[in-house]
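Asks: Fold the following, please.
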Amino acid sequence: MAALDLQEQEQLEALKAWWKDNGTKLLGVLLIVTVAMGGWRGWQYYQHKQSGEAVTLYAGFVQQLASNDAKRLNDAAAAVMDQYASTSYAPRAALLAARVNEQSKDAARAKTQLQWVIDHAVEAALKDVARLRLAALLLDEKNYADALKLLEAGHPASFDGLYADLKGDVLSAQGKATEARAAYQLAYGKTDAKSKYRNLIQVKLDALGEAK
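Replies: So this is what the prediction gives:
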């Protein structure tokens with residue numbers, strides 16, 4: 001029994017010695033882990049809170065879509081974009097507002113909103129749509145170089161037909177018939193055979209005439 005007590009005493013002394021050497025480091029690690037976990041939970045709460053508030057503000061923006069009041073619409077979109085830029089609602093508000101501004105011939109504001117989506121959206125598909133629409137506006141302004149630069153950006157295969165078709169429009173406007181034809185042919189091949197949009201691409205190809 002005495003031997004056992006002595007063994008336990010030796011183990012206790014060894015534990016004390018180990019704690020003296022390593023206890024501070026261990027507590028430091030535990031503190032870091034605890035703070036990190038608390039920070040993660042705090043971030044999750046913040047994200048959830050941000051998302052909930054963004055939904056409310058976005059809902060208010062959507063209501064303005066039917067108001068036909070450009071100022072109120074753009075102010076509502078700006079509020080979502082400024083306050084909740086990291087949420088998925090901000091780029092959607094920007095895209096919808098840009099569409100309204102395109103229709104009302106406010107190209108300058110629409111371009112700013114589309115560029116914001118390209119610069120800030122997390123979802124690649126939203127960036128792809130914004131690039132297409134911004135390139136179309138630049139084409140209208142005869143800013144062919146910048147339009148083509150946007151259309152050269154990487155994008156998913158599902159966007160190949162749309163990008164190639166718009167590229168054909170830009171090249172055609174520049175009088176580059178051979179290059180435009182190649183772009184339209186690519187667009188035609190990448191577009192669903194049952195799509196009416198494919199017929200429009202064929203019309204553009206026919207308008208260019210036969211390759212020389």
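Asks: Grab the nearest non-local neighbour of the spatially most central residue of the chain.
Replies: Geometric centre of the chain, nearest residue: residue 121, 2.6 Å, by CA atoms, centre = their mean. Closest residue to residue 121 apart from its sequence neighbours, by CB to CB, 6 or more residues apart in numbering: residue 91 at 3.8 Å. Just so you know, the C-beta spots here come from the backbone N, C-alpha and C atoms, and that holds for glycine as well.
Asks: so who does that neighbour touch?
Replies: Residues counted as contacts of residue 91 (CB atoms under 8 Å, 6 or more residues apart in numbering) are 116-117, 120-123, 126, 130.
Asks: count of neighbours near residue 117?
Replies: The number of residues packed near residue 117 is 25, by other CB atoms under 10 Å.
Asks: ok, it - contacts?
Replies: 91, 94-95, 98, 126-127, 129-130.
Asks: can I get those in JSON lines with distance to residue 201?
Replies: Below are the contacts of residue 117 laid out as JSON lines (distance: CB to CB, whole Å):
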{"residue": "91", "distance to residue 201": "28"}
{"residue": "94", "distance to residue 201": "29"}
{"residue": "95", "distance to residue 201": "24"}
{"residue": "98", "distance to residue 201": "25"}
{"residue": "126", "distance to residue 201": "24"}
{"residue": "127", "distance to residue 201": "24"}
{"residue": "129", "distance to residue 201": "19"}
{"residue": "130", "distance to residue 201": "22"}
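Asks: a markdown table for these, including pLDDT, secondary structure and distance to residue 108?
Replies: Output for these, formatted as a markdown table (pLDDT from 0 to 100; DSSP: H, G, I helix; E, B strand; the rest coil; distance: CB to CB, whole Å):
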| residue | pLDDT | secondary structure | distance to residue 108 |
| --- | --- | --- | --- |
| 91 | 89 | helix | 19 |
| 94 | 92 | helix | 14 |
| 95 | 91 | helix | 16 |
| 98 | 92 | helix | 11 |
| 126 | 90 | helix | 21 |
| 127 | 93 | helix | 20 |
| 129 | 92 | helix | 19 |
| 130 | 94 | helix | 16 |
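Asks: Weed out the non-buried ones from the residues you listed.
Replies: Neighbour counting with 16 or more other CB atoms under 10 Å marks 91, 94-95, 98, 126-127, 129-130 as buried within these.
Asks: which two of those residues lie the greatest distance from each other?
Replies: Spatially, the most separated pair among the buried ones among the contacts of residue 117 is 98 and 127, at 13.2 Å (CB to CB).
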